[in-house]
Structures are given as structure tokens and as C-alpha cells.
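>>> what would the 3D arrangement of this be:
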Amino acid sequence: MAVDHEHLGHVLRRAGFGASAAELSALDGMSTFEALAYVLNVDDQPDDVDSKIGQPDYINVTARGPFSPDSVIDDARQRWLFRMVHSRRPLQEKMALFWHNHFATAYSKIAGTFGTIQGAKMLALKEGALPGPQGQIETFREKGLGSFRDLLVEVARDPAMLVWLDGRTNTRQRPQENFGREVMELFTLGVGHYVEEDVYAAARVFTGWNLRLVGDPNTTAGYYEFAYVPGNHDTTAKTFTFPIYSDGSKTIPARAASAGMQDGIDFLTALATHPATAERLARRMWNFFVSEVIPPDPEYLRGAASIYFGNDTRIKPLVQYTLQSRWFQNPGNWHSRYAWPAEFAVRAVKEVGFLGFSVDNMRAPLTAMGQTLFEPPDVAGWELAQGWFSTGAMLSRMNFAATIAANQRFNLASAAASAKDSPDTFVQYFLDRLTPAPFDAESLDTMKAYLVDGGPWTGATAQLQTKGAGLARLIVGSAQYQVM
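Below you'll find the model as predicted:
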């Protein structure tokens, strides 16, 4: 059965960042199965989006000197926004954003410790673009749909995380507890599933997981990389209050320093395969893809945990289970998640239009809305759901709606000319294009009244330009557009 535009829009908002009219047209006629397969099978689509930066027919970037997204954080933010707008792998970027909040790591601390170049490289370096390991966000793109256990190990070794949670200073003489605590509290088990003794033991597990400098850190050629330092590792046994091994043993045995990295591997494997972690990830998947308004159905949580364990902690089957579930497909759950600022702004430029607009003009508004990419407020990430909304943040969303609508007024007028016959057809065109949650009859009457305010509806070019931009501003700035 072919999926209708409303259904397809739901899939692309939740598993991506919405869709332009051209993207919707290209997917028109797909069955529900085909649409979900297109979204899920990211490797079937080329990852060539970075090569489109600066080309005609794409949203612009604004360079201040050479465009350097691998070593300048503001350029890295522009590249990521460009990818959100244009990637043919929308779920890959959506999951990178999900993990960026889950493993929240802020540029400001890294740059304050090792300088702006290293801060940008640790978070955003594309593999091979400059010397050094790939940035954290590239790890999320590469592994975000793979094994959670493998992703957890990579995060523990990640240079940005080693700076952010002070792992680089973790030695047997002075164990550093920050990462050991947060990997249990925020990244896996959650509060109530560990005790302070587990934090002390976890800190000792990761002693010796440090950083090594290669080259001059003040140049783009220098970099920091993960280094296990055997002399810094605590070789004694570590005992926890929950099982580490499949036989029920709660103790990581004493090991020689040369083999001490296995302590961390064993511990992270235990966390990734703990039932509390499976449930916590399932709840986050529900909130991210299904609804923040409706509590998770216990049946969904049981099914999601079963999928997670049955697929060796791989995330793609968990996402697939969620997107194919009756809860995701149920129209009653559509428009029941609050759009993060990046989701709102990217969707707006995709649906309203972007030709002649620059992603650089999104950065300051996003900050005003409460989200600066690569700068979560703390290790817990951003406050989600209604936490995004304050009077100032909502005003910033409305101002961005006005900005993008005014910028695209000529393009909007041209595209909407086929619907100029009456206020009814004109309003319906914009509702179909912008895909807000349903408006009540009174709101629709207000929109139609706006079109004839100042004179009768004629459909003249000047009227299309003025009223089209105004109508887009009203819809994108409305409460109905802030939910997905």
C-alpha cells in the first residue's frame, strides 16, 4: 500500500528532519515498507553530502577565510547543519544528534583545555581530512546504528570524552571518578542501579586510559589520541554490586598492567548488556521516535529490550522495531514530540525553502532557542520536551520563522501560484507544504482572514509574495509547528 504524504511526512520528521517538496515528490508512491527501508538502510544511499557544500541549488555556507569545518568549530556547526538539510542519509544525522545529547560533550571545556583547533578536531574532524583520529560526531555517524557495546567502548576511548570527563588524568595513584560515575548514571544503567562503591571500582577500571600528544597542538597537524598507559593502571581486582560476567561473577580479576585494558572492556560489556541499560535505551527511543506526551507502553518496552538483546545490542534493529511498530504508525501519536531547536530550524528551511539562505544564519537563532551544537549545557545534555520552551525561546522560534519566510518570499510566491484561486486553496497549499499539527477551525478562519486583510483576494503576484511569506511565518511560528 502506498504511503500518503501525511504518513510519509511523519516518517521523515521523526527519522530525519522533515522533507522539502522536491524530496517528498521523489519518494511519492512508495509503500510504507519501502519508505521505512529507505530511511533505515542508510548504507544504500551515498554519503556525498559534504561535496555539495558551496554548490548551486543547495543551502549556502558563510566562510570567514577558508571554510575549515575540521578545525574551526563554527564552520563545523555549519557543516553539520548543511548535512541535516541535504544528507541522503537523514537517519544517520538524526542518530548523531541523538547520541550527541546522550553522550553530551561540550566544545568549550575541550577548547579551554587544549585550544580551539584541538577542540574542533576532537569533536568534528572528518577522518583523513587532517592528521589525527576522527571527531566524536563522526564516530556517532559511523557507529550510531551499530552495536551499543562497541559504541560505548569507542566513547570511553574518545579524546573529547577523555577531556570532558577528565579521564586523561585518571591514574592508579589518583583515580578520577567522573567518567566511571557518568557511564553508569547517564550513559547506561541510570540512577538506582549502582552505589558509590561501584563508582570507586569503575574509576579504577579506567586508570591508564589516557591521552598522548602527537606533534604541535597549536597547528592543524598536531593532535591528541587515545593511549593506554600500563604504568598508570590499577592492577588489583575490582568488585561491583551487579554481575560483570555471564556466570554471575561481580569481580573483575587482578591482571597484569599490560593486560589492564581488558578491565574496561569487561566492565563496558557488562553495562551494555545489563537489563537496566536495555530498558533505559528503549525509553529514550520511545521518547525520541514515538512520543514525549504518552508514556511508553510496557509491551513496547518488553519488545524493545528483547530486540536489543536478540541482536547483540545493535541499535538499528531497535530503531527498526520502533519505526515499524503500531505505536509509531498510530496517527494518534503523530505530532506528539517537541522539536529540538536544530530539528525545528532544519525542518523549517527544508519546508519553507533555502535557496539564497545560509546555514550560518541559523547558528545565532539556535543559540537563542537554547541549543548550540557541540555545546550541551552539561553532561546530562539538554533539557528536552517542554524544557525547550520559555518565553524567550519561543520568541526566538517565531523570529526565525519570520526570517526564513521573508528570505524565501519570492520562491514561495512562485511555488504557490498554482494555489492562488482562493484563500481556501492558498491556505491548504501551505498546510500541505509545511506539515504542522492540525489547526482548529477558528485558527484556519484567522489565516484566511489574514489573506484578505487590507483588500480582497486577487492572487496577484505582489499579494502572493506578501501574503505567502506572512502565512508561512504564521504557520512556522505557531504552536502546531513546534511538535513533530
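>>> and P66, that's in a helix?
No - under DSSP: H, G, I helix; E, B strand; the rest coil, P66 sits outside any helix and is assigned coil.
>>> now do the phi/psi pair for it.
phi -60, psi 140 (degrees, to the nearest 10).
>>> and what of T239?
phi -110, psi 140.
>>> now swap in D421 and tell me
phi -60, psi -40.
>>> from the contact counts, what lies against the helix or strand that contains M184?
Counting by DSSP states H and E, the element that carries M184 is helix 178-185. Contacts defined by 3 or more Cβ pairs under 8 Å, 6 or more residues apart in numbering; DSSP states H and E place helix 178-185 against helix 148-157, helix 196-205, helix 261-272. Using the backbone N, CA and C atoms, a C-beta is placed for each residue, glycine as well.
>>> quick check: mean pLDDT across the last one?
Yep, that's helix 261-272 we're talking about. For helix 261-272, the mean per-residue pLDDT is 98.
>>> next structured bit after it?
Sequence order places helix 275-285 as the next helix or strand after helix 261-272, per DSSP H and E.
>>> mind giving me the packing neighbours of the following helix or strand past that next one?
Once the chain leaves helix 275-285, the next helix or strand it forms, by DSSP H and E, is helix 298-310. Helix 298-310 sits against helix 275-285, helix 315-324, with contacts defined as 3+ Cβ pairs under 8 Å, 6+ apart.
>>> D234 is nearest to which of these?
helix 275-285 (24.6 Å; Cβ to Cβ).
>>> show me the strands in the protein, by range?
209-214, 223-228, 238-239, 251-252 (DSSP state E).
>>> how distant is the last one from the center of its chain?
In this view, strand 251-252 has its centroid 35 Å away from the chain centroid, taken as Cα atoms, centre = their mean, to the nearest Å.
>>> can you report how many residues neighbour R64?
For R64, the neighbour count with other Cβ atoms under 10 Å is 10.
>>> what of K316?
Using other Cβ under 10 Å, K316 has 17 other residues around it.
>>> who's in contact with S336?
If you count contacts by Cβ atoms under 8 Å, 6 or more residues apart in numbering, S336 has them with V290, S291, E292, V293, I294, V483.
>>> return the distance of F206 relative to S108.
Between F206 and S108 the computed distance is 24 Å (Cβ to Cβ, to the nearest Å).
>>> circling back to that earlier point, among the strands of the chain, which comes closest to A416?
Distance to A416, taken as Cβ to Cβ, is lowest for strand 223-228 among those, at 50.2 Å.
>>> pLDDT score for G459?
Here the pLDDT value assigned to G459 is 93.
>>> so what's the closest residue to it other than its chain neighbours up against?
Distance criterion Cβ to Cβ, 6 or more residues apart in numbering; nearest residue to G459, sequence neighbours excluded, is K420 at 3.4 Å. Contacts for K420 (Cβ under 8 Å, 6+ apart) come out as F426, G459, L464.
>>> kindly report the same for P217.
P217 touches F114, G115, I117, Q118, Y223, Y224, counting by Cβ under 8 Å, 6+ apart.
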